[in-house]
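1. Pasting the sequence and the predicted coordinates here, then a few questions.
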Amino acid sequence: MSDQTAHKSTEQPIYLDYSATTPIDERVVTEMLKYMGPDSSFGNPASRSHNFGWTAEAAVETARKHVADLVGANPKEIIFTSGATESDNLAIKGVAHFNKKRGKHIVTCKTEHKAVLDSCRQLEREGYEVTYLDPMQNGLIDLKVLEDALRDDTTLVSIMHVNNEIGVIQDIEAIGKICRARKIIFHVDAAQSAGKVEINLEELPVDLMSFSAHKIYGPKGVGALYVQRKPRVRLEAQMHGGGHERGMRSGTLATHQIVGMGEAFRIAREELVEENKRLLKLRNKLYDGVKDMEEVYVNGDMDHRIAGNINISFNYVEGESLLMALSDLAISSGSACTSASLEPSYVLRALGRNDELAHSSIRFTMGRYTTEEEIDRTIKYVRKAVEKLRELSPLWDMYKDGIDIDSIEWAAH
Amino acid sequence: MAVYLDNNATTALDEKVLEAMLPYMGQVTGNPSSVHRFGRLQKDAIEQARESVAQLAGARAEQVIFTSGGTESNNLLLIGFNRREKESRIAVSAIEHMSLLEPAQHLAPKVDFVQVDENGRIDLAAVEQVMTDQTSLLSVMTANNETGVIQDLSPLIDFAAERNCFFHTDASQAAGKIPLNFVESGVHAMTMSAHKLYGPLGVGALVLDKRLPITKIQFGGSQEKNLRAGTENVPAIVGFGRAAELAMADLQTTSSHVRMLRDALEKGLKEFSTVSIFAQQAERLPNTVQLGIEGFDGETMLMQLDRKAIAVSSGSACTSGKTEPSHVLKAMKVPDALANSAIRVSFGKNNTMSDVETLLTALRDIIEINQHSPVMMAATV
């Protein structure tokens, strides 16, 4: 693969972008391979007339159980999709369409993933009304603000469990209780939390929950939607043709991918507690290694936050330049889905961060294969890059000279 | 060893395809949207696969949009088109796959259905019958998944073009079995699926001429030219690319191989007076035979064949398990009793002549035993 790109550095960069995607665990690959290739159980799980189909179907059902077990659901409540984006689309548009006679108001938050926000924007084009809540400065939802936003015609609230950029964990139990009291359907995007935070849907007042496999060491191209059965949550299918997945999602099931997702969820359930302890140490080490530098700000609440995430703004350093200076690290300034754009992160903007701080942010996300040695090197690289860029920065000089940069009136070009 | 004769439902992943996928299923990862090196390598792999799939379709790389499969491609096309052209009518053939018929039914008062003749063919007169001045999209599949009938699309495409009507064809079953030429044929959109041509499950494509207006139906990111949001399924896309390359290279060899097996089976079937082959007069895919056996229930026959370790189906996998006769055979005006006895045999490149013999022997056993069964006798009276 290395011949495809001409890079100076011969060493592999350190991968600290686990919230964008994760490598597939070898144990997951081993399971997937049983359903790939001419000597495998390669049948179409919808084929009802032969053993090839039944074997594939049985594998899908085992995977469904593994997925359900991680989150305390019944396997019958798990619908497989092509990924969390599809799950979010199905949950939000599916519920909105099904309940359009009851009401056409939806509540979500400005810091949601694009899959949720863009689904909501589409509903607005269709004549629905959407309230986008402002989070508090720490990224968490103010429950009072949420309650005030709810109306008689509100049919759906969609709030993510863990934010992909800043890693903060919302209190979905409290939000769910508020929704239940008003009979409003509650959807949670758990793409970034499954396998990282304990989830027990048997007790949580959540009606719909989206999952992704490739964020927790499973394959790309597969996700799931939890659809509560008791009481039954009803939604309108968004993809038609064959009535697979209890009519909620048509299309041939990709056996090997589903099996991979199942195995990834099974492993996550076994290793969650220990892995979180390890990641928390690494994350604290990374933060401790840079926090003594001047003008360093953590974005998002530190207490309600997943272990593997730290999002830091290095003031007076331009984010894109910092990313380039840190080419030995595979990191991002925010979500992968928006990383090609030069706009500052909309998540950080929603926290009330100014453009400069939003522009100078870096998301470090650690995972199963991150080592202590990699964190040591990361600290070294980051300190060096920030110091060097600040040396070149006129803004930094002004700051050091005690000039309040916000007070400067810039001349128009 | 079981005999797999259901290659129109899904095919076994080719080992060479698996080899191409494995580097993208390992420790090196990346989100193709990430700007760092890991992300860029994934992006490069997608673009290379896009070239290969475009070549198989006879299209340009920039016309290929990757999706999660044929079902999504068909939904994207129909629902995405309807979102842009709300006033337009859409005409689709009555024998389309469920992944096209169901979204069409979903759009129902705006959709007209084109009928077929008793050999499963769509002729111009049938299209003319349903076309109105508002019809601006016509969708007719390249080859049918049950009967294998290959449609003569070019007069339909010409007719649609004269009326400024866009043309879509579902080539999921045709790709890899017969040559395709997207650009030259004049179609504006084409559906493809990887797992029907020895590629992986979970990936397909919509080949699209940009003159045909559609919007995305899945939101949340600007991937695939802003027509399909969601992190790209890189290993599957890479697999699709490799499968397309192999399909191109092996097209002649594979199609003559399966044709030989199919012809041998049809020759062998002549000994059974109760067997009839559907759409025998039409041009069909070289690998497909759908047959009816008078006085038999198709599902029972499938079970008996399964007991003999032979995997076939009654029609589409997506409708298997249902007891109604196939909508394709119904559209061809095949009587219900005969349609209910249908079994579909679809050969693939891994089948051999001995598979044909195994199937013929099994059919002989089952048919003969049943002829002496009092229950059967009663049923046929």
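-> Arrived safely, thanks for sending.
2. Any regions of the chain where pLDDT drops low?
-> Picking chain A for this. A:1-11, A:334-342, A:408-413 (pLDDT under 70).
3. if you could check chain B rather than the one you did, that'd help
-> Scanning chain B for pLDDT under 70 picks out B:316-323, B:371-381.
4. the helices in it, which residues?
-> For chain B, the helices defined by DSSP state H cover B:15-21, B:37-57, B:70-84, B:98-106, B:124-130, B:153-162, B:182-185, B:223-226, B:234-269, B:298-307, B:327-331, B:336-339, B:353-371, B:374-380.
5. any idea which of the ones you listed is most buried?
-> Most buried of these by mean neighbour count (mean count of other Cβ atoms under 10 Å in any protein chain shown) is helix B:70-84; its value is a mean of 26. Bear in mind the C-beta positions are built from the backbone N, C-alpha and C, glycine included.
6. Based on its surroundings, how many neighbours for residue 201?
-> All of this refers to chain A. 20 (other Cβ atoms under 10 Å in any protein chain shown).
7. wrong chain, I was asking about chain B
-> 31.
8. Phi first, then psi, for the closest residue to it other than its chain neighbours.
-> In space, and not counting its chain neighbours, residue B:201 is closest to residue A:254: 3.8 Å by Cβ to Cβ, 6 or more residues apart in numbering or on different chains. Dihedral pair for residue A:254: phi -80, psi 90, per degrees, to the nearest 10.
9. For residue A:254, give me its contacts.
-> Applying Cβ atoms under 8 Å, 6 or more residues apart in numbering or on different chains to residue A:254 gives the contacts A:221-222, B:68-69, B:195, B:200-203, B:236.
10. circling back: mind putting the helices of chain B into a markdown table with distance to chain A?
-> Shown next, in a markdown table, are the helices of chain B (distance: least, Cβ to the nearest Cβ, whole Å):
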| stretch | distance to chain A |
| --- | --- |
| helix B:15-21 | 5 |
| helix B:37-57 | 5 |
| helix B:70-84 | 4 |
| helix B:98-106 | 3 |
| helix B:124-130 | 21 |
| helix B:153-162 | 21 |
| helix B:182-185 | 22 |
| helix B:223-226 | 8 |
| helix B:234-269 | 5 |
| helix B:298-307 | 4 |
| helix B:327-331 | 12 |
| helix B:336-339 | 16 |
| helix B:353-371 | 13 |
| helix B:374-380 | 20 |
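11. Show me which parts of the strand or helix carrying residue A:395 are buried, residue by residue.
-> Assigned by DSSP states H and E, residue A:395 falls within helix A:394-400. Of all the residues in helix A:394-400, those buried under the rule 16 or more other Cβ atoms under 10 Å in any protein chain shown are A:395-396, A:399.
12. same question, stretch B:186-194
-> So stretch B:186-194, judged by 16+ other Cβ under 10 Å, has buried residues B:187-194.
13. I'd like to know which of the helices of chain B is closest to residue A:107.
-> helix B:70-84 (24.9 Å; Cβ to Cβ).
14. just checking, what packs against the closest one?
-> In terms of contacts (3 or more Cβ pairs under 8 Å, 6 or more residues apart in numbering or on different chains; DSSP states H and E), helix B:70-84 is packed against strand B:64-67, strand B:89-93, helix B:98-106, strand B:135-139, strand B:166-170, strand B:189-193, strand B:204-208.
15. CA atoms only for it, dumped as PDB, please.
-> Output of helix B:70-84 as PDB, limited to C-alpha atoms (Å, rounded to 0.1, in the frame of the first residue of the first chain):
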ATOM      1  CA  GLY B  70     -28.900  -3.200  -5.400                       C
ATOM      2  CA  THR B  71     -31.800  -2.600  -3.200                       C
ATOM      3  CA  GLU B  72     -30.500   0.800  -2.100                       C
ATOM      4  CA  SER B  73     -29.500   1.700  -5.700                       C
ATOM      5  CA  ASN B  74     -33.100   1.000  -6.900                       C
ATOM      6  CA  ASN B  75     -34.600   3.000  -4.000                       C
ATOM      7  CA  LEU B  76     -32.200   5.900  -4.500                       C
ATOM      8  CA  LEU B  77     -33.100   6.100  -8.200                       C
ATOM      9  CA  LEU B  78     -36.800   5.900  -7.800                       C
ATOM     10  CA  ILE B  79     -37.300   7.900  -4.600                       C
ATOM     11  CA  GLY B  80     -34.500  10.300  -5.400                       C
ATOM     12  CA  PHE B  81     -36.000  11.000  -8.800                       C
ATOM     13  CA  ASN B  82     -39.500  11.500  -7.400                       C
ATOM     14  CA  ARG B  83     -38.100  14.000  -4.900                       C
ATOM     15  CA  ARG B  84     -36.700  16.100  -7.700                       C
END
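16. Nearest residue to residue 244 in space, please, no chain neighbours.
-> Assuming you mean chain A. Nearest one to residue A:244, counting by Cβ to Cβ, 6+ apart, is residue A:250 at 5.2 Å.
17. let's do chain B instead
-> Nearest non-adjacent residue to residue B:244 (Cβ to Cβ, 6+ apart): residue B:56, at 4.0 Å.
18. just the CA coordinates of stretch B:8-22, formatted as PDB?
-> Extracted as PDB, the C-alpha positions of stretch B:8-22 are listed here (Å, rounded to 0.1, in the frame of the first residue of the first chain):
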ATOM      1  CA  ASN B   8     -28.800 -15.800  -8.900                       C
ATOM      2  CA  ALA B   9     -29.600 -15.500  -5.100                       C
ATOM      3  CA  THR B  10     -25.900 -14.900  -4.300                       C
ATOM      4  CA  THR B  11     -22.600 -16.200  -5.400                       C
ATOM      5  CA  ALA B  12     -19.600 -17.400  -3.400                       C
ATOM      6  CA  LEU B  13     -17.000 -14.700  -3.000                       C
ATOM      7  CA  ASP B  14     -14.100 -15.400  -5.400                       C
ATOM      8  CA  GLU B  15     -10.800 -16.100  -3.600                       C
ATOM      9  CA  LYS B  16      -9.000 -13.500  -5.600                       C
ATOM     10  CA  VAL B  17     -11.600 -10.900  -4.500                       C
ATOM     11  CA  LEU B  18     -11.100 -11.900  -0.900                       C
ATOM     12  CA  GLU B  19      -7.400 -11.500  -1.300                       C
ATOM     13  CA  ALA B  20      -7.900  -8.000  -2.500                       C
ATOM     14  CA  MET B  21     -10.200  -7.200   0.400                       C
ATOM     15  CA  LEU B  22      -8.000  -8.500   3.200                       C
END
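19. Before I go, just wanted to say thanks for your time.
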